[in-house]
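Trainee: Got a predicted model here, sequence first, then my questions.
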Amino acid sequence: MDAAVVSLCATSDETIPAAEQDLPKNLCPLIKSSYGFGKTDKCPFFFFSDLVVGETTCDGKKKMYEYMGEFKPVHVMELPNCPTEEGVAMYRKEIIRMKEKLEETFGVTITEEDIRRGIRVKNAERSALKRLYSVMKADPAPISGMDLLNTLIGTTFNFNREEIPAQMDALIEKIKAEGGARQKQPRILITGCPMGGATMKVVQAVEDNGGVVVCYENCSGVKSMEENVDESLPDVYEALARKYVNIGCSVMTPNDNRIRLLDRLIDEYQVDGVIDMELQACHTYAVESLRIKRFVNGEKKIPYMSLETDYSQSDVGQLSTRIAAFIEML
């Protein structure tokens, strides 16, 4: 429908006090931050948005969206929690329901050809981003993990999705032209919750203490970008549903897709150690950490560390101490 899609602000503790007037204090900071930015109008993207699309990934989010709906138009997509054929069928219906909501809200007609065009644009974007983060397969890594993450996050605020492939290819050429100056360092893969803003402190601690983050198998990393939508399927809604239900999110059970992706990334990026970053009160990732530890230690035979943090800066010293010890061990 030629609308601009943008991620809402949710990576700062600035608005959490305002959110805690309505939400529990022991709730995930990402949820509180999202709600707080909406409630206070401190996020311009939220302020100017015509419709907020949410999803039922976890109990905290879906209940928060109920409150958000009191001051902003909100459409919530039901997300299946099992990557099965029944889950695909359910999500296919949810995608159609969202399309109908957009048509009703904005007075437009969205054809299947419109959707195919959107799929092509998004596939090209994902492929370009994959080419970018694949430069980290080189050893030594050609850029810092911080620069990589900032770039990945920055693309979510680019209104013109068609421009992203050319921008990424130009950046890759620049990296290749300027490469060769970095030293060989312990190579870290970060998995777990979304990163950005306040949680950059984890990446900063890794790279301040001699390591380099070469891969992000988390919600703001490669997890959603590794696979494209199958453009050959005749049913565009089924194609979309299959792609998104196949993402190894911790709300899925069983979540074998996360293990399969981790298995491949650890090998392709020559990973020396895995850090599992969980946001405080993110129960799905916290409970799943045992399975990830067993896989990383037992099957891949490399060190694993689990970190729980929030959006405050109060644990920066402790994080640095723990991560320094982890990297020293490597």
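Mentor: It's in. For clarity, every value in this text was computed on a predicted model and none was experimentally measured.

Trainee: which ones are touching the nearest residue to residue 158 once chain neighbours are set aside?
Mentor: Using CB to CB, 6 or more residues apart in numbering and skipping residues adjacent in sequence, the residue nearest residue 158 is residue 164, 5.9 Å away. Quick note: C-beta positions are derived from backbone N, CA and C, even for glycine. By CB atoms under 8 Å, 6 or more residues apart in numbering, residue 164 lies in contact with 124, 125, 128, 129, 155, 158.

Trainee: How about residue 7?
Mentor: 45, 156, 157.

Trainee: List the contacts of residue 153.
Mentor: Per CB under 8 Å, 6+ apart, neighbours of residue 153: 196, 220.

Trainee: Please identify which helix or strand holds it.
Mentor: Using DSSP states H and E, residue 153 maps to helix 145-155.

Trainee: Quick one, which of the contacts of residue 164 are buried?
Mentor: Neighbour-count burial (16 or more other CB atoms under 10 Å) applied to the contacts of residue 164 gives 124, 125, 128, 129, 155.

Trainee: measure the residue of the chain most remote from its centre to residue 50 for me?
Mentor: Ranked by distance from the centre of the chain (CA atoms, centre = their mean), the top residue is residue 107, with 31.1 Å. Residue 107 is 12 Å from residue 50, where distance means CB to CB, to the nearest Å.

Trainee: for the helix-or-strand element of the chain with minimal mean pLDDT, packing partners?
Mentor: Lowest on mean pLDDT, DSSP states H and E among the helices and strands of the chain sits helix 44-48, with a mean of 90. With contacts defined as 3 or more CB pairs under 8 Å, 6 or more residues apart in numbering; DSSP states H and E, helix 44-48 has no helix or strand neighbours.

Trainee: If we ignore the residues flanking it in sequence, what's nearest residue 139?
Mentor: residue 270 (5.6 Å).

Trainee: ok, now how distant is that neighbour from residue 32?
Mentor: Distance, residue 270 to residue 32, by CB to CB: 37 Å.

Trainee: Could you check which of those two has the larger neighbour count?
Mentor: Neighbours around residue 270 and residue 32, counted as other CB atoms under 10 Å, are more numerous at residue 32. The numbers are 27 against 15.

Trainee: Shouldn't that one be within a helix?
Mentor: Yes - counting by DSSP: H, G, I helix; E, B strand; the rest coil, residue 32 falls inside a helix.

Trainee: if I pick it, what's in contact with it?
Mentor: Counting by CB under 8 Å, 6+ apart, residue 32 touches 15, 16, 19, 20, 23.

Trainee: And the helices in the stretch 201-330 of the chain?
Mentor: Assigned by DSSP state H, counting those that start in this stretch, the helices in the stretch 201-330 of the chain fall at 236-245, 256-268, 283-293, 316-329.

Trainee: Need the residues that contact the second one.
Mentor: Meaning helix 256-268. Helix 256-268 has contacts (CB under 8 Å, 6+ apart) with 83, 137, 189, 191, 215, 217, 222-223, 226, 246-250, 252, 271, 274, 288, 291-292, 295-296, 299-300, 302.

Trainee: Return the alpha-carbon coordinates of that helix using CSV.
Mentor: In CSV, the C-alpha atoms belonging to helix 256-268 read as follows (Å, rounded to 0.1, in the frame of the first residue of the first chain):
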residue,chain,number,x,y,z
ASP,A,256,14.6,-26.5,16.9
ASN,A,257,15.1,-23.7,14.3
ARG,A,258,17.1,-21.6,16.8
ILE,A,259,19.5,-24.6,17.4
ARG,A,260,19.9,-25.3,13.7
LEU,A,261,20.7,-21.6,13.0
LEU,A,262,23.2,-21.4,15.9
ASP,A,263,24.8,-24.6,14.7
ARG,A,264,25.5,-23.2,11.3
LEU,A,265,26.5,-19.7,12.4
ILE,A,266,29.0,-21.0,15.0
ASP,A,267,30.8,-22.9,12.2
GLU,A,268,30.5,-20.2,9.5
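
Trainee: the strands in this structure, which residues?
Mentor: For the chain, the strands defined by DSSP state E occupy 52-55, 74-77, 187-192, 212-218, 273-279, 304-309.

Trainee: could the ones you listed be laid out in a markdown table, adding distance to residue 238, mean pLDDT and mean neighbour count?
Mentor: Converted to a markdown table, the strands of the chain look like this (distance: least, CB to CB, whole Å; pLDDT from 0 to 100; neighbours: other CB atoms under 10 Å):
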| stretch | distance to residue 238 | mean pLDDT | mean neighbour count |
| --- | --- | --- | --- |
| strand 52-55 | 19 | 96 | 17 |
| strand 74-77 | 16 | 98 | 17 |
| strand 187-192 | 29 | 98 | 27 |
| strand 212-218 | 26 | 97 | 26 |
| strand 273-279 | 33 | 97 | 24 |
| strand 304-309 | 37 | 97 | 19 |
